[in-house]
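Chemist: turn this into a structure:
(2 chains)
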Amino acid sequence: MNRRLILASIAILALASSGTLILVAAPTPQKVVKTSANAKTSVTPLSQAPITVDGVKDIDPDKSYGSKSAGVVMETFTDFQCPACKQLYTTTLQRVMDNYVDNNKVFMVHRDFPLPMHAYSRVAASYARAACHIGKCDVVEQTLFQNQEKWEVNGDVKGTVAGVLSPAEMKKVQALVDGGSLEPLIDRDKQLGQAVPINQTPTTIIHTKDGQTYPVVGYVSYDVLKTLLDQLVK
Amino acid sequence: MIESTPFNYRRLIIWLGRIVIAGFFIFAGLAKLIRWDMHPHPPIGIATSLFALQIDSYQMLPPWTVLQVARWLPWAEIAVGLLLLIGWRLRIWSTLVTLIMGGFFIAVVRAYTLHLDINCGCFAKPEPLTGMTVLRDGSLFLLALFMTAFAFLEARKPHPWSGAEAPSA
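Modeler: Residues are numbered from 1 along each chain as shown, chains lettered A, B, ... in the order given. Purely as a prediction, here's the structure:
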């Protein structure tokens, strides 16, 4: 009996000390894969040149919302094929848009961060970016997130986007996607995310006027995010 | 004559548990309130809101509960850690610590098995929740469990200082 207890105690000690060592020594795992070597660093502006707001650089004006003089900049890195991103976009961010962006309290920036593990997220990002450049950002981003379960199975990103655009709009979007001129913008978003570094999606970086940044990782509910935003926009 | 407490492995586990778990709890509580990883350190109100976001990412509790847990948990961790170190009413506080550790362990196991890409939130800093996190929390939970069990078992025995002195020959 005593021997068993002694052995059990030794096992606990070993586990506890290994846990302590892990806590102290383990490096943060990086899920993010490095950008491909042929990724361009320069950005080709199309409709408008990238802007800088409160020190947040390379913002695509077509993928940002609100007043540039807002007290807080919310920079959200998402992947169109990530379920938590869908949840964040369709619930929390929509309410932030209604209650903070529309009231000029928050300037919101959507960044693309397609993960290599998702087969169609890069294609979806390309179509969404193209739609943003013809002024159809909201409707296309919304449909891509809402129909995520469908197109991630059959890969029909184009059909999903075409379902909410007119033929003329779809023609423009397709031309932009085929031209590849928007790809550097997506690459640039990804590079900016890797520089943070972003380890998972969705990740939101909240920037304040005084230069402080607050990372928010994963899905968060609106009511909880609101308590932070209310303190920051004061 | 008063003798020192005789050494045994149960007392060793109790002592070890008190020191290790108290250290973890006090450090974790302070880290959540002070946010050493941020420069400049944010005010406590913002630090608490940031911790609430980390709790919320587990998607286990409703928003109101998340906010209350975020408000009180760091202070509770510091208080319980100090009480463990002091050793006053050890059985009560070690039981509470075991329950808290059990709750943490269930939360990380659930998040890990659901493949939630979130930060642990254990020490406030951005720390992705991995298998190592589960192992660490599991180890601490086991240590807390044994510490509590042994504290109850040892309390049944008369304390060596309170025992009758052996008659001198």
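Chemist: how about the helices in chain A?
Modeler: A:2-25, A:83-87, A:94-96, A:121-133, A:137-146, A:148-154, A:157-162, A:167-179, A:183-195, A:222-232 (DSSP state H).
Chemist: how many residues are close by the closest residue to residue A:145 other than its chain neighbours?
Modeler: Nearest residue to residue A:145, sequence neighbours excluded (C-beta to C-beta, 6 or more residues apart in numbering or on different chains): residue A:86, at 4.4 Å. Heads up, the C-betas are built off the backbone N, CA and C, glycines and all. Taking other C-beta atoms under 10 Å in any protein chain shown as the neighbour definition, residue A:86 ends up with a count of 21.
Chemist: try residue A:53
Modeler: Each residue near residue A:53 was counted by other C-beta under 10 Å, and the total is 19.
Chemist: cool, and residue B:99?
Modeler: Around residue B:99 there are 12 other residues, counting by other C-beta under 10 Å.
Chemist: so what pLDDT did it get?
Modeler: The pLDDT attached to residue B:99 in the predicted structure is 96.
Chemist: am I right that it is in a helix?
Modeler: Yes - the assignment for residue B:99, made by DSSP: H, G, I helix; E, B strand; the rest coil, places it in a helix.
Chemist: point out where chain B drops to low pLDDT.
Modeler: Within chain B, the stretches with pLDDT under 70 are B:1-7, B:159-169.
Chemist: now swap in chain A and tell me
Modeler: Residue ranges of chain A with pLDDT under 70: A:1-48.
Chemist: so which residue is dead centre in it?
Modeler: When chain A is reduced to its mean C-alpha position, the closest residue under C-alpha atoms, centre = their mean turns out to be residue A:77, at 1.7 Å.
Chemist: identify the residues contacting the residue nearest to that residue when sequence neighbours are not counted.
Modeler: For residue A:77, ignoring the flanking residues on the chain, the nearest one in space by C-beta to C-beta, 6+ apart is residue A:113 at 4.0 Å. Residues counted as contacts of residue A:113 (C-beta atoms under 8 Å, 6 or more residues apart in numbering or on different chains) are A:77-79, A:189-190, A:193, A:198, A:201, A:203.
Chemist: which helices and strands does the one helix or strand residue B:135 maps to pack with?
Modeler: Under the assignment given by DSSP states H and E, the secondary-structure element containing residue B:135 is helix B:131-156. With contacts defined as 3 or more C-beta pairs under 8 Å, 6 or more residues apart in numbering or on different chains; DSSP states H and E, the secondary structure elements packing on helix B:131-156 are helix A:2-25, helix B:9-34, helix B:90-113.
Chemist: contact partners for residue A:216?
Modeler: Here residue A:216 is in contact with A:203-206, A:225, A:228, B:50, B:53 (criterion: C-beta under 8 Å, 6+ apart).
Chemist: now with 6 Å?
Modeler: When contacts are counted by C-beta atoms under 6 Å, 6 or more residues apart in numbering or on different chains, residue A:216 is found next to A:204, B:53.
Chemist: can I get the helices of chain A in JSON lines including distance to residue A:60?
Modeler: Formatted as JSON lines, these follow (distance: least, C-beta to C-beta, whole Å):
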{"stretch": "helix A:2-25", "distance to residue A:60": "40"}
{"stretch": "helix A:83-87", "distance to residue A:60": "18"}
{"stretch": "helix A:94-96", "distance to residue A:60": "19"}
{"stretch": "helix A:121-133", "distance to residue A:60": "7"}
{"stretch": "helix A:137-146", "distance to residue A:60": "10"}
{"stretch": "helix A:148-154", "distance to residue A:60": "22"}
{"stretch": "helix A:157-162", "distance to residue A:60": "18"}
{"stretch": "helix A:167-179", "distance to residue A:60": "13"}
{"stretch": "helix A:183-195", "distance to residue A:60": "6"}
{"stretch": "helix A:222-232", "distance to residue A:60": "23"}
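Chemist: deepest in the core, which of these is it.
Modeler: Scoring these by mean neighbour count under mean count of other C-beta atoms under 10 Å in any protein chain shown gives helix A:121-133 as the most buried, with a mean of 25.
Chemist: give me the residues contacting the helix or strand harbouring residue B:76.
Modeler: Here residue B:76 sits within helix B:63-86, counting by DSSP H and E. Outside helix B:63-86, the residues within contact range by C-beta under 6 Å, 6+ apart are A:221, A:223-224, B:18, B:22, B:25-26, B:28-29, B:32-33, B:48, B:51-52, B:55-56, B:93, B:97.
Chemist: report the buried residues of that helix.
Modeler: Buried residues in helix B:63-86, counted by 16 or more other C-beta atoms under 10 Å in any protein chain shown: B:63, B:66-67, B:69-71, B:73-74, B:77-78, B:80-81, B:83-85.
Chemist: the residues you listed: which two are farthest apart?
Modeler: For the buried residues of helix B:63-86, the farthest-apart pair by C-beta to C-beta is B:63 and B:85; their separation is 33.9 Å.
Chemist: now the end-to-end length of stretch A:176-187.
Modeler: Start-to-end span of stretch A:176-187 (C-alpha to C-alpha, to the nearest Å) is 16 Å.
Chemist: quick one: that stretch to chain centroid distance?
Modeler: Per C-alpha atoms, centre = their mean, to the nearest Å, the displacement of stretch A:176-187 from the mean C-alpha position of its chain is 18 Å.
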